[in-house]
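Visitor: Using only what follows, build the 3D model:
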Amino acid sequence: MKVDLFDFHLPEELIAQTPLENRTDSRLMVLNKETGMLTHDIFKNIGSYLQKGDCLVLNDTRVLPARLFGIKSGTGAKIEVLLLKQCDGDRWETLVKPAKRVKIGTKIIFGNGILSAVCVGENEHGGRILDFQYNGIFYEILDELGEMPLPPYIKEQLDSKERYQTVFARHEGSAAAPTAGLHFTEELLNQLKEAGIHLAFITLHVGLGTFRPVNVENIADHEMHSEYYHISERTAQLLNDVREQGGKIITVGTTSTRTLETIASANNGMFKGESGWTDIFIFPGYQFKAIDGMITNFHLPKSTLIMLVSALAGREAILHAYRTAVMEKYRFFSFGDAMLIK
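Guide: Residues are numbered from 1 along each chain as shown. Sure, this is the predicted structure:
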């Protein structure tokens, strides 16, 4: 299957640069995957499309303020570092810019010396393994010095770091937010619980590999980077019970989807508590084993994410929905509007 089959025209002005003041004021497009019918609404009304006994699955990962700006020891050259994944102890897989200035043995100093790092390994495409040195608690220093790693298509600075976190973010480790969850407030979550909708929380630490461009002609040749996930026994039992009682499992975001499909694929369609790494790549032709529907944002042309939603709802239905979204001036990407595929 060719990558170009997932292309569409997206005017740049539809890329949302800032979040809405109220999270639940986002627009909501509802796509019936059986009929292809589209409905337009506001996200605060999401409960109208769910039934008592259904279950929303949310990713409670927390984004690290993972972008650091430092200087190269000895020369004072400016170096930008993006933390991707903790390898072992204080060693991290990172992206650095400009990479040509950072060789094995290079020392980088951040925040007048309260944090420093030495390059101990080189990977492709600007990847470096950095060994950090500091006094105190690493995550507190990161909170002080780091910036949120907003996607490159967002040019505006955030007024508050918390606006790029979901209200249920708990476990630090992501290089990007699970953005479908940004539409929820505590009030809306409580309303859904009162209406008999189950809430299940899983963790998948989002890596930038999820957003890596597909640079091959045939999508089957694309390789996903692996990401760490965790699901508790309690959550797994809840999901098994929901399924047994006839409720629908609706994932919030592609990260929750990939986590559940990874687990169900390995356990004959059932859920179990476990931790692990997933590099699952879902595109049309995939047979879903875990989910009945999904809440998601509007994604980049020719991305693995639009391929995933096309696998769930059908490529033609998704492209029609996206053309409609462009025509109706929906907001796209991380701070954009939402789609429910049901």
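
Visitor: okay, stretch 115-127 in PDB with CA atoms only?
Guide: Only the C-alpha atoms of stretch 115-127 are listed here, as PDB (Å, rounded to 0.1, in the frame of the first residue of the first chain):
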ATOM      1  CA  LEU A 115      23.200  20.200  35.300                       C
ATOM      2  CA  SER A 116      25.700  18.800  32.900                       C
ATOM      3  CA  ALA A 117      26.000  15.900  30.500                       C
ATOM      4  CA  VAL A 118      28.700  14.000  28.700                       C
ATOM      5  CA  CYS A 119      28.200  12.300  25.300                       C
ATOM      6  CA  VAL A 120      28.900   8.600  25.700                       C
ATOM      7  CA  GLY A 121      27.300   7.300  22.400                       C
ATOM      8  CA  GLU A 122      26.200   8.300  18.900                       C
ATOM      9  CA  ASN A 123      23.100   7.100  17.100                       C
ATOM     10  CA  GLU A 124      21.800   8.000  13.600                       C
ATOM     11  CA  HIS A 125      19.900  11.100  12.700                       C
ATOM     12  CA  GLY A 126      21.400  13.300  15.400                       C
ATOM     13  CA  GLY A 127      20.800  10.800  18.200                       C
END
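
Visitor: same question for that stretch, mean pLDDT?
Guide: Over the span of stretch 115-127, the pLDDT mean works out to 90.

Visitor: what do you get for stretch 38-57?
Guide: In this model, stretch 38-57 carries a mean pLDDT of 98.

Visitor: Okay, buried residues for that stretch please.
Guide: Residues of stretch 38-57 classed as buried: 38, 43-44, 46-47, 49-50, 54-57 (neighbour count, 16 or more other CB atoms under 10 Å). Backbone N, C-alpha and C define where each C-beta goes, glycine included.

Visitor: Narrow the residues you listed to those in strands?
Guide: With strands defined by DSSP state E, the entries of the buried residues of stretch 38-57 inside them are 38, 55-57.

Visitor: of the residues you listed, closest to Tyr134?
Guide: Using CB to CB, Val57 is the member of those that sits closest to Tyr134, with 36.0 Å.

Visitor: ok, that closest one - contacts?
Guide: Residues near Val57 by CB atoms under 8 Å, 6 or more residues apart in numbering: 200-202, 239, 249-252, 256, 260, 291.

Visitor: Next: Ile15.
Guide: Under the criterion of CB under 8 Å, 6+ apart, the contact list for Ile15 reads 153-154, 331-333, 336.

Visitor: can you pull up the bridge partners for it?
Guide: With DSSP bridges as the criterion, the beta-bridge partners of Ile15 are Phe332.

Visitor: before we move on, the earlier item: counting neighbours, which of the contacts of Val57 comes out on top?
Guide: Ser256 (32 neighbours; other CB atoms under 10 Å).

Visitor: Now distance to Glu122 too, for the ones in strands among the buried residues of stretch 38-57, in a markdown table please.
Guide: Supplementary listing: these in a markdown table, determined by distance: CB to CB, whole Å:
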| residue | distance to Glu122 |
| --- | --- |
| Leu38 | 48 |
| Cys55 | 44 |
| Leu56 | 42 |
| Val57 | 38 |
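
Visitor: Tell me where the stretch 51-200 of the chain has helices.
Guide: Here the stretch 51-200 of the chain has its helices, by DSSP state H, counting those that start in this stretch, at 138-145, 186-194.

Visitor: which stretch in those is the model least sure about?
Guide: When those are compared on mean pLDDT, helix 138-145 scores lowest, with a mean of 93.

Visitor: can you list the domains in this protein?
Guide: Residue ranges for each domain of the chain read 3-63+160-341, 67-145, as given by automatic domain parsing.

Visitor: quick revisit: just the closest of the contacts of Ile15 to Arg91, please.
Guide: Sorting the contacts of Ile15 by distance to Arg91 puts Ile154 at the head of the list, at 29.0 Å, by CB to CB.

Visitor: For the residue nearest to that closest one when sequence neighbours are not counted, which residues are in contact?
Guide: What sits nearest to Ile154 in space, not counting adjacent residues and going by CB to CB, 6 or more residues apart in numbering, is Gln17, at 5.8 Å. When contacts are counted by CB under 8 Å, 6+ apart, Gln17 touches 154-156, 335.

Visitor: Most neighbours among these, please name it.
Guide: In terms of neighbours by other CB under 10 Å, the contacts of Gln17 top out with Phe335 at 24 neighbours.

Visitor: Doesn't that residue belong to a helix?
Guide: No. The secondary structure assignment for Phe335 gives coil rather than a helix, going by DSSP: H, G, I helix; E, B strand; the rest coil.

Visitor: The longest strand seen in the chain: which residues count as buried?
Guide: Under DSSP E, the strand in the chain containing the largest number of residues is strand 78-88. Neighbour-count burial for strand 78-88, with 16+ other CB under 10 Å as criterion, is recorded at 79, 81-86.
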